[in-house]
Every structure is written in C-alpha cells, then in structure tokens.
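Peer 1: quick one, what's the 3D model for this:
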Amino acid sequence: MRLLNLPSYNFNFKIIRDKQYIFDEIRKKYVANTPEEWVRQNFIRYLIAGRNYPQALISVEHVISLNRLSKRCDAVVHSKSGNPLMILEFKAPDISVGQKVFDQIVRYNLVLKVNFLLVTNGLKHYCCKINFQNKDYNFLNEIPGYEDLT
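Peer 2: Below you'll find the model as predicted:
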C-alpha cells in the first residue's frame, strides 16, 4: 500500500480469493484493505500510539440517523462517559480533501454536536475545533492529544 504522512506501523494481513484483508483492532475482524481502509487503520493506530487515544473509546463505522436516513461516520472518538468528542472522516490518498468532504462531516455533526472534526486522506490531515457559542471554528496546527479533547 501507499506510504502515508504518518509513522509506520505493523499490521496483520491475509489474502482471501486474491484480495488483501487487514485486521482491524477496533472491530476485531479482517476487513478489505482498500485505500481508504489503509488510511483509517494507519490513522487510528497513530491516534492510539502517538496521541494517547484509548482504543476502547474509538468506534468505527459509527451509525447515526440524519434526516431519517442511516449514515455512518468513519470513526468517532468518545469520552470515558461515552459522549462523542470527535468525528473522523477518512479518504483514500488520491482523493483531495476539499469543501465537499467538510460538508459531509459537518452534516454528521448536526447529529453528534462534537467539538472536534478531523478529515484526512493519509497525506494531509485537517482538524478543527468548533466553537458553538461563537458559531465558528478554528483549524488546529496539530492533532490534539486525547486529554485535549475533554
């Protein structure tokens, strides 16, 4: 798979019918290793190993109901009490991170109302903090550590 703008990590792979699968430590199962999944697995590993995010407080393919439709956030980070803190949206490395991607994650936040939104294609990472009182947001210079989310 493609090198990303993240530290290198070891993963477990297996081949089934000529297709590569990667073991997802969060979901505890092998999943198809698509370019987007490669970004997800590497970035989540970075959050756990590099930014001290508790693995048990990260949900993958988090289902929400938006306008009576079932939608899935790529990942959501929760507080120790179970409240959502951050929504993460992953794209394949060849997908540019633009307004359309941010519109998608902002729609998800209409439901979850978290303070942090993060979008990455594995090469470029964007994290912003929402200020609901001022009705604005600020892009952060670095990915916050878990303790900075609460």
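Peer 1: hey, what's the closest residue in space to residue 106 that isn't next to it in sequence bridged with?
Peer 2: Spatially, and ignoring its direct neighbours in sequence, residue 106 is nearest to residue 117 (7.2 Å; C-beta to C-beta, 6 or more residues apart in numbering). No exception for glycine: its C-beta is placed from N, CA and C like everyone else's. Beta-bridge pairing of residue 117 under DSSP bridges involves residue 87, residue 128.
Peer 1: can you pull the phi and psi angles for residue 107?
Peer 2: phi -60, psi -40 (degrees, to the nearest 10).
Peer 1: dump the residue contacts of the residue lying closest to it once chain neighbours are set aside.
Peer 2: In space, and not counting its chain neighbours, residue 107 is closest to residue 66: 6.2 Å by C-beta to C-beta, 6+ apart. Neighbouring residues of residue 66 by C-beta atoms under 8 Å, 6 or more residues apart in numbering: 107-108, 110-111.
Peer 1: list the helices and strands the helix or strand where residue 36 lies packs on?
Peer 2: Using DSSP states H and E, residue 36 sits in helix 35-51. Helices and strands touching helix 35-51, as assessed by 3 or more C-beta pairs under 8 Å, 6 or more residues apart in numbering; DSSP states H and E, comprise strand 19-24, strand 58-66, strand 69-78, strand 84-90.
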